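> next one to model:
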Amino acid sequence: MSSSTPPDDQGLDLFERDDSAPAPRRAPRRRWPKRLLITLLAVVVVVVAAGVIYALSIERSITGNLKHSDNLPPDTPTAAGQSPRPEKPSNDKSLNFVLMGSDSRDPNNMQDNGRSDTLMILHLDADRKNAYIVSFPRDMYVPIPGHGKSKINAAYSWGGPQLAVSTLEQLTGTRMDHVAQVNFEGFINLTDTLGGVTVTNKYAFKSHGYDYPKGKITLQGEKALWFVRERHHLPNGDLDRSANQRKVVQAIMAKGLSSSTISNPLKFNSFVSGVAKDVTVDNGLTSSEIRNVALSLRLSPSNIEQIQAPVSGFANVSGVGSIDVVDQAKMKELAKDLRKDNLDAYVKKYPKG
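Residues are numbered from 1 along each chain as shown. The predicted structure is shown next:
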């Protein structure tokens, strides 16, 4: 009985090995998810470590350079005519910093107070999304505790930072939380560290060999210094000078806290070091408090507003000289909104300050 040969792909035992066929390839084990996870974890560790080192470096820059002083007034009145300091509600999370610069040419001479060449309140609202720079022209005629009425800058000359703070607290009815004194050399260093700051100049003028055209100008070093000092060549004198001071402080804050500065560890650390070296703060403003405030900030440069303490006109007072007359009605509004952490309402009502 004849039989036919089956085709090559038929008649094979299911369990018979066919050596002529290539062995099936085993799919390679996928290891990339594990490798990727390890890589990501390594990156996270490096980033966290770098962040910790960065934070520690900044904190060392602060603690190693910042000077402290008892420059807030005591809670108990110490001079005739002084009232107790305003109380601050426990639920009020806003912060008020007094910023002042002395016109003393020797910041190391504690007997030479000079006069407060710059006097401002930096108000941080409770949610830290907005900051307000309120400047007080040096010739504002106000009550100075224990001394009667005079120009506001005389308070610093007569009683240093403590009396200057007391004067602001009495004028606004608001408690000041912290004080920062900046000397002029420090001011110059900040603009140098940041590579200059840009402001919009309202009036063209010249001062001490520097030309300040109208419009956007970049200021640095001595040129920045004379921009904020000049008042004689400005149409509104002290008021224009105060406006220029606010502009430069705002520009320094904006550039110092900008992403381009913060993302550059060397530049930001240099900025922080520069601030710390040339600033004296109250004893309550510890390094940990500074860190907490810095971490709480949610503001951007566009959220920094400028406010001019209200002036209604000018006058001359015997024995005092030329003064800026306080607009009492607007001053009450400013004080109320400052006290209630509602300066946004004041800015909206008086957009020109």
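> who touches the helix or strand hosting residue 187?
In this assignment (DSSP states H and E), residue 187 forms part of helix 184-193. Here helix 184-193 makes contact (Cβ atoms under 8 Å, 6 or more residues apart in numbering) with 101, 103, 107, 117, 197, 219-222, 224-225, 228, 248, 252, 256, 267, 270-271, 274-275, 277-279. (Glycine included, C-beta is placed from N, CA and C.)
> now do the contacts for the residue lying closest to residue 171 once chain neighbours are set aside.
Nearest non-adjacent residue to residue 171, counting by Cβ to Cβ, 6 or more residues apart in numbering: residue 142, 5.5 Å away. Applying Cβ under 8 Å, 6+ apart, we find residue 142 in contact with 149-152, 167, 171, 326.
> most neighbours, which of those?
The most crowded member of the contacts of residue 142, judged by other Cβ atoms under 10 Å, is residue 167 (29 neighbours).
> the helix or strand harbouring it packs against which elements?
Element membership of residue 167 [criterion: DSSP H and E] is helix 154-172. Packing contacts for helix 154-172, counted by 3 or more Cβ pairs under 8 Å, 6 or more residues apart in numbering; DSSP states H and E, involve strand 95-102, strand 116-124, strand 141-144, strand 178-182, helix 328-339.
> between these, which gets nearest to residue 130?
Across these, residue 130 has its closest neighbour in strand 116-124 (7.7 Å, Cβ to Cβ).
> quick one: strands adjacent to the closest one?
Its sheet considered, strand 116-124 pairs with strand 95-102 (antiparallel), strand 131-135 (antiparallel) by DSSP bridges.
> as JSON lines, those strands with mean neighbour count would be great.
Below are the strands paired with strand 116-124 laid out as JSON lines (neighbours: other Cβ atoms under 10 Å):
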{"stretch": "strand 95-102", "mean neighbour count": "23"}
{"stretch": "strand 131-135", "mean neighbour count": "23"}
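> any stretches of the stretch 1-150 of the chain with poor pLDDT?
The model of the stretch 1-150 of the chain has pLDDT under 70 over residues 1-61, 80, 102-116.
> can you do 90?
Within the stretch 1-150 of the chain, the stretches with pLDDT under 90 are 1-67, 70-71, 74-83, 101-118.
> show me the contacts for the residue most central in space within the chain.
By Cα atoms, centre = their mean, the chain has its centre lying nearest to residue 253, at 4.5 Å. With contact set as Cβ under 8 Å, 6+ apart, residue 253 has these partners: 131, 301, 304.
> distance of the second one relative to residue 132?
Residue 301 sits 14 Å away from residue 132, taking Cβ to Cβ, to the nearest Å as the criterion.
> name the element residue 241 belongs to?
Assigned by DSSP H and E, residue 241 falls within helix 238-256.
> buried sites along the helix or strand that comes right after that helix?
The element immediately downstream of helix 238-256 (helix or strand, assigned by DSSP H and E) is helix 259-262. Neighbour-count burial for helix 259-262, counted by 16 or more other Cβ atoms under 10 Å, picks out residue 261.
> against which helices or strands is helix 259-262 packed?
Checked by 3+ Cβ pairs under 8 Å, 6+ apart, helix 259-262 has helix 265-277 packed alongside it.
> any residues touching the following helix or strand past the helix it packs on, and which ones?
Counting by DSSP H and E, the element after helix 265-277 in chain order, helix or strand, is strand 279-282. With Cβ under 8 Å, 6+ apart as the test, strand 279-282 has contacts from 66-72, 178-182, 186.
> swap the cut-off to 10 Å and go again
For strand 279-282, the external contacting residues (Cβ atoms under 10 Å, 6 or more residues apart in numbering) are 62, 65-72, 97-100, 107, 161-162, 165, 176-183, 186, 190, 285, 289-290.
> filter the residues you listed down to the buried ones, ChimeraX style.
Buried subset of these, written as a ChimeraX selection, criterion 16+ other Cβ under 10 Å:
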select :62,66,71,72,97,98,99,100,107,161,162,165,176,177,178,179,180,181,182,183,186,190,285,290
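> will you turn the strands paired with strand 116-124 into CSV that also has distance to residue 342?
Below are those laid out as CSV (distance: least, Cβ to Cβ, whole Å):
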stretch, distance to residue 342
strand 95-102, 14
strand 131-135, 11
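> so which of those strands comes closest to residue 157?
Closest to residue 157 of the strands paired with strand 116-124 is strand 95-102 (Cβ to Cβ; 9.1 Å).
> quick one, the closest one and strand 178-182 angle?
Strand 95-102 runs at 30 degrees relative to strand 178-182, counting by axes from the mean of the first three to the mean of the last three Cα atoms, to 10 degrees.
> re the thing from before, check the offset of the helix holding residue 167 from the chain's centre.
The chain centre lies 22 Å from the centre of helix 154-172; the measure is Cα atoms, centre = their mean, to the nearest Å.
> equivalent analysis for stretch 335-342, please.
Using Cα atoms, centre = their mean, the offset of stretch 335-342 from its chain centre is 20 Å.
> just the buried residues of that stretch, please?
Neighbour-count burial for stretch 335-342, counted by 16+ other Cβ under 10 Å, picks out 335, 337-339, 341.
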